[in-house]
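Novice: structure of the sequence below:
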Amino acid sequence: MDPNEAAQNRLKDYEYVFGTDPGQRVLRDIMAMGHMFESSVVHGDDKPVEFREGERNLVLRILASMPMQIDLLHALDQQTVDYQNQRTDPLATIGE
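Specialist: Below is the predicted model of the structure:
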């Protein structure tokens, strides 16, 4: 398979997966975990900036692989903020 065909197939795969309602929910979760709409520098956070940027880079890579309209990105931004307000980290209670 030539590189152009592989890229087209990957694009179709991303559209197929993230174009569904469950895929949109997963994408919002990935965006929240990747700090997509937050600063990478958070005072009091013990994660290095480089680590947070690595998480964010994964989200940007996914978004760059999808032809998204800007209004959809804004809608995902608001839904991600709403989702973050409801979300609890299942690993947060480990060791408590």
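
Novice: burial check on Asn9, number of neighbours?
Specialist: Asn9 sits with 11 neighbouring residues when counted by other CB atoms under 10 Å. Glycine gets a C-beta too; all of them are placed from N, C-alpha and C.

Novice: tell me which helix or strand it sits in.
Specialist: Here Asn9, judged by DSSP states H and E, is contained in helix 3-18.

Novice: roughly how far does Val41 sit from Ala32?
Specialist: Relative to Ala32, Val41 is positioned 18 Å away (CB to CB, to the nearest Å).

Novice: whoops, Val42 was the one
Specialist: 14 Å.

Novice: thinking again about what came up before, which of Val41 and Ala32 has more neighbours?
Specialist: The neighbour count for Val41 versus Ala32, taken as other CB under 10 Å, is higher for Ala32 (20 against 9).

Novice: can you list the weak-confidence ranges in this structure?
Specialist: 67-96 (pLDDT under 70).

Novice: all helices of this protein, in order?
Specialist: With helices called from DSSP state H, the chain shows them at 3-18, 21-33, 49-64, 70-86.

Novice: mean neighbour count, the ones you listed: which tops it?
Specialist: helix 21-33 (a mean of 16; mean count of other CB atoms under 10 Å).

Novice: now that one against helix 49-64, angle please.
Specialist: On the basis of axes from the mean of the first three to the mean of the last three CA atoms, to 10 degrees, helix 21-33 is oriented at 160 degrees to helix 49-64.

Novice: what packs against helix 21-33?
Specialist: In this structure, helix 21-33 packs against helix 3-18, helix 49-64, helix 70-86, with contacts taken as 3 or more CB pairs under 8 Å, 6 or more residues apart in numbering; DSSP states H and E.
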